[in-house]
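Student: below are the sequence and a predicted model; questions follow.
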Amino acid sequence: MPWISSYIKRDGTAVRAHWRSSPGAKASLTGFAVVILALLGSGRDGATGDGTTPQPRPTVSYPIKFPGVEKQAAKPLPRPTVSYPIKFPGSGQRTRPSAQPSVSYPIRFPGADGDR
């Protein structure tokens, strides 16, 4: 598995430095990696000498009660001070004014058919 330094080919192409593996090295390396991962996965995971793993124990009991503190009454829930939609006095239903022409003669615009 040699390290190939940078060089220039006969046709003028520059080749960067690179690592060239021997034929079959990729398959061998993959197999080696699988074996190592299998050994790590099946190995000891911090177990004690008798084959059992330590189990966590609770250090507190719930609910937590503080001595000398009594249960306080529940706070009242907030109530809305507004109801929607807001109605303003005198706002009733208004009609929109319709568009009124500003000139008294008809204005003809040229259409797609070419009339002017």
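Tutor: Okay, I see it.
Student: surely residue 26 forms part of a strand?
Tutor: No - membership of residue 26 in a strand is not supported by DSSP: H, G, I helix; E, B strand; the rest coil, which gives helix.
Student: what's the distance between it and residue 32?
Tutor: According to CB to CB, to the nearest Å, residue 26 and residue 32 sit 11 Å apart. For every residue, glycine as well, the C-beta is placed using N, CA and C.
Student: now the strands for this protein?
Tutor: 3-4, 7-8, 14-15, 18-19 (DSSP state E).
Student: list the strands paired with the first one, with their directions.
Tutor: According to DSSP bridges, the neighbouring strands of strand 3-4, each with its direction, are strand 18-19 (antiparallel).
Student: check the second one too.
Tutor: Strand 7-8 pairs in its sheet with strand 14-15 (antiparallel), by DSSP bridges.
Student: what distance separates the partner strand from the middle of the whole chain?
Tutor: Chain-centre distance of strand 14-15: 42 Å, with CA atoms, centre = their mean, to the nearest Å.
Student: quick check: mean pLDDT of it?
Tutor: In this model, strand 14-15 carries a mean pLDDT of 94.
Student: contacts for that strand, please.
Tutor: With CB atoms under 8 Å, 6 or more residues apart in numbering as the test, strand 14-15 has contacts from 4, 6-9.
Student: what about 10 Å?
Tutor: Residues from elsewhere that reach strand 14-15 (CB atoms under 10 Å, 6 or more residues apart in numbering): 4-9.
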